[in-house]
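[1] Got a sequence here, can you model it:
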Amino acid sequence: GGDVASDSYNNLFRDAEALRRLGVSHYRFSLAWARLLPNGTAPLSPAGLAHYRRLLGRLRDLGVEPVVTLYHWDLPQGLQDAFGGWASPVLPQLFRDYAELCFRHFGGQVRYWLTMDNPYVVAWHGYGTGRLPPGVRGGPRLGYRAAHHLLQAHAKVWHLYNDHFRPTQRGKVSIALSSHWIKPQRMTEKNIKECQKSLDFVLGWFAKPIFIDGDYPESMRSNVSSLLPEFSEAEKKYIKGTADFFALSFGATLSFQLLDSHMKFQQLESISLRQLLYWISREYNNPQIFIVENSWFVSGSTKRDDAKYIYYLKKFIMETLKAIRYDGVNVFGYTVWSLLDGFEWHRGYSIRRGLFYVDFQSHDKKLMPKSSVLFYQKLIEKNGFPPLPENQPIEGNFPCGFAWGIVDNYIQVDTTPTQFLDSSVYVWDVHQTKKLIKLDGVFTSKRKRHCVDFAAIRLQISLLQEMHVTHFHFSLKWSLILPLGNLSLINHTLVHYYRCFASELLRVNITPVVALWQPMAENQELPVSLAKYGAWENPETIQAFVEYAKFCFTNLGDHVKFWITMNEPSVKNLTYTAGHNLLKAHAKTWHLYDKEFRRSQKGKLSIALQADWVEPACPFSRNDQEVAARILEFDIGWLAEPIFGNGDYPQVMRAWLHQRNSVDLYNFHLPYFSEDEKKLIQGSFDFFALSHYTTTLVGWEKEDALKYDHYLEVQMINDITWLHSPNRAAVVPWGLRKLLKWIKSKYGDVPIYVMANGIDDDQNMVHDKLRVYYIQNYINEALKAYTLDNVNLRGYFVYSFNDKTAPKYGLYSYVANQYKPKPSMKHYREIIDNSGFPGPETPELLCPEEIASCPECHFFRTRKSLLAFISFIFVAFIVTIFFITYYSRRIERRYK
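    Numbering: from 1, shown residues only. Alright, predicted model coming up:
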């Protein structure tokens, strides 16, 4: 039961020490009516009186302002038995008498009084549904009557203080009103009215009589008039204005818990504190608002690292700050609920809401500070969320030769020939049909195929030129080039198309960056014969990949100097055996290129790994830091360590798997490399290529079963204050800088390329703002890594080229067969043209190739064929004029 719970009565100094540690400005606590007046009326308990005097004295010594609630649901049992509690009209006067006693004894030390906490829950669930004490199931009629008496009792106490105690004590009195927030299912006028009704029936039930006109909301009067008691005109005047500020309670007490479904009026409940604050401000004439209770909860089993609680707290406090700064809402105080874990009424000990963990089993109810204590402590210290220096944008340039790229998973392949390859002869019927008529059996001589015959290439190249990128990254389709997985069947048309694409890119000074394989949904983009027989689980796939790579180097290597063996192999879908074979295939391919092709083709080659950053959910927790380090090794180190590190898998992986297999009888076998294989794999790279999209938070305390990985013992956490895309990807620019520093610290000064970085949008995104923000800030973090952390960063590629091949991710939209640049494309182009973010102090970047060239030269250099043709026409024209003049003069002479 809740008789003892955290036992604050016997641990007053323990609690005071917790307050001192937090550094709070005020402390809200409740007086227990039954502790001061055990029978509900006189006599007064000397022990109860002494306890509260001691507490107030300790708060005074600490410089902490007390905020005192007179009644928090603990009615003396004698009053419930004798009168039926708040169902009786006798209670308001008895409550007034109890309040007078409190004002007399404690009022000199208290400036903020709350008459009662959450009268909605007391009336509706205490006397209507019976879900909470005293558990009377009296139905709506009794619930409305209890509320009527609670309002009368509150008004009596306010007038008592106003008339007799305010002149000397100079305090303020209000009532703690709890509310939910509700949003429309769809934005229709009817739904909006239903939302208003929902707020009227919960918050307005008590707020309108007190803050507006002394009477219930009109929506209640018209819907439940037969059940709702009436106030006389005198009572309305008496109740109206009986609050010196608006005391708001918002969070886990009511939201998604004690709000009956019919009170939502078929609309959607939400936990938007900012919107509620704005609504209160508009509805109740911009009152001064004091948030006297706010927080969320964690599972009863969570001990120290309450990350979920922290991020809800962060969200609520940020929303409060936004309401003050942006919406002009008059909020003057904020209170976290609660200092300690306690007995949570109908949920008992199944959840925890305290900043300090209470060991309920220990005799002295020992306290332990949770991570949220450190979070709240620092927040109080800084008085909010001042901008962190490391998150401020910097000015500067990327170096000469920096690769500015764009990604397309697969280029749009269209091998349809142009009309110039048609060898048929046509006659134009100018008299009747006005159409071309094909002459049967008559043909012209066929000419060789040329790259210009592929119309699709010209369009894509022109879009890339418009973007000003220097590099274009795409993947080949192994399954289409070698449909049978070997050289017995080759798609020569497709190979010719790829060769043309690469040569046309080079012609306009764009470097092709080509991946040999990228896993996609169907058969992982492997030839069917390989996919059918185990895919990467089958060691034979290794040799098949090496032969395919050799074929590509031979046929495309003259045009491609920047190769990726495997692009973004998904570790989430990879078995340890498959990963083992994949690494061997990569290493053999690298050595093949190194020995047979590098000297003649002068290219470079590596693997591109997906590398999202992983951050400890509680940055102060050593356990969470260990979990984050472990996940980075499993997500990135698994494939990176053998290549860029020591030739073998990370030690953290081996140790963890050994422990898991011995404890839980798992059978996850991480294969071993022979010494020769280690030598083969170690160092099989020319650069470190990575794809980075987002950052995830991880913790060790199990909180949400759906997001808990038992195998790695990790809880995924969401920071709900982060900006998120429509697909719920978090926008965390600083994660990229942390990742780049981590790679440098682990693998040394390796050249790094960010091969893909992008975010999804939806059609309703105004001016493509999210992607513009994303690109701007991620590239700025990359610049910090380069200039401040000395990371050897060589290039950055945005994902993705267009919405046709990567819906929602493109810099070009694709609608009605038309490509259209989004604002983010133009923004990226501007960053490329500036080589970063130059400021007034940034020295001008003069790159050798730019000094030697000029804008006009680029025009001529990229249009050699056109210039040759124009030159030919010009020469032919001059020669023709010459002959015409020459022969006309000869004819003239002849006739003279």
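
[2] May I have the residues that are in contact with the residue positioned nearest the centre of the chain?
    With distances taken as CA atoms, centre = their mean, A730 lies nearest the centre of the chain, 2.1 Å away. Each residue near A730 by CB atoms under 8 Å, 6 or more residues apart in numbering is listed here: T694, T695, T696, N718, D719, W722, L723, H724. C-beta coordinates here come from the backbone N, C-alpha and C atoms, glycine included.

[3] Adding distance to Q392 and secondary structure, write those out as TSV.
    Formatted as TSV, the contacts of A730 follow (distance: CB to CB, whole Å; DSSP: H, G, I helix; E, B strand; the rest coil):
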residue	distance to Q392	secondary structure
T694	21	coil
T695	18	strand
T696	24	strand
N718	25	coil
D719	20	coil
W722	18	coil
L723	17	strand
H724	23	strand
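
[4] Would you point out the most distant pair within these?
    T696 and L723 (14.6 Å; CB to CB).

[5] neighbour count winner among those two?
    Per other CB atoms under 10 Å, whichever of T696 and L723 has more neighbours is T696, with 21 against 14.

[6] distance of that one from K707?
    10 Å (CB to CB, to the nearest Å).

[7] what residues are shared contacts of the two?
    Shared contacts of T696 and K707, counting by CB under 8 Å, 6+ apart, come down to M716.

[8] doesn't C847 make contact with G401?
    Yes - between G401 and C847 there is a contact at 7.1 Å, judged by CB atoms under 8 Å.

[9] The two: which is more packed in?
    Neighbour tally, G401 and C847, criterion other CB under 10 Å: the higher count belongs to C847, 14 against 11.

[10] was I right about that one contacting F402?
    No - if you go by CB under 8 Å, C847 and F402 don't touch, sitting 9.4 Å apart.

[11] so what are the domain limits for the protein?
    8-383, 396-420+457-609, 858-895 (the TED database).

[12] Now do the shortest one, average pLDDT.
    On average, the pLDDT along domain 858-895 is 71.

[13] Also the second one?
    The average of the pLDDT scores along domain 396-420+457-609 is 94.

[14] and if you look at the first one?
    For domain 8-383, mean pLDDT rounds to 94.

[15] from the chain's centre, how far out does it sit?
    In terms of CA atoms, centre = their mean, to the nearest Å, the centre of domain 8-383 is set 32 Å apart from its chain centre.

[16] Also the second one?
    If you compare the mean C-alpha spot of domain 396-420+457-609 with that of the full chain, they lie 31 Å apart, counting by CA atoms, centre = their mean.

[17] show me where pLDDT drops low in the stretch 651-800 of the chain?
    664-667, 765 (pLDDT under 70).

[18] switch to 80 and redo it
    Low-confidence segments of the stretch 651-800 of the chain (pLDDT under 80): 662-668, 763-766.

[19] and P184, how many neighbours?
    By the criterion of other CB under 10 Å, P184 has 16 neighbours.

[20] And the helices in the stretch 351-500 of the chain?
    Secondary structure of the stretch 351-500 of the chain by DSSP state H, counting those that start in this stretch: the helices cover 371-382, 455-467, 478-481, 492-507.

[21] Now do the SS call for the residue nearest to R131 when sequence neighbours are not counted.
    Leaving out its chain neighbours, the residue that sits closest to R131 by CB to CB, 6 or more residues apart in numbering is H125, at 4.3 Å. Judged by DSSP: H, G, I helix; E, B strand; the rest coil, the three-state class of H125 is helix.

[22] count of neighbours near H125?
    Residues lying near H125 (other CB under 10 Å) number 23.

[23] residues contacting it?
    Shown in contact with H125 (CB under 8 Å, 6+ apart): R131, L132, L258.

[24] What strand or helix carries the last one?
    So the one you mean is L258. L258 is part of no helix or strand when elements are defined by DSSP states H and E.

[25] how much space is there between it and I881?
    96 Å.

[26] how about stretch 30-50: buried residues?
    S30, L31, A32, W33, A34, R35, L36, L37, P38, G40, G48, L49 (16 or more other CB atoms under 10 Å).

[27] Just the endpoints, please. Distance across it?
    The straight-line separation of the ends of stretch 30-50 (CA to CA, to the nearest Å) is 15 Å.

[28] same deal with stretch 387-406?
    Across stretch 387-406, first to last residue, CA to CA, it's 32 Å.
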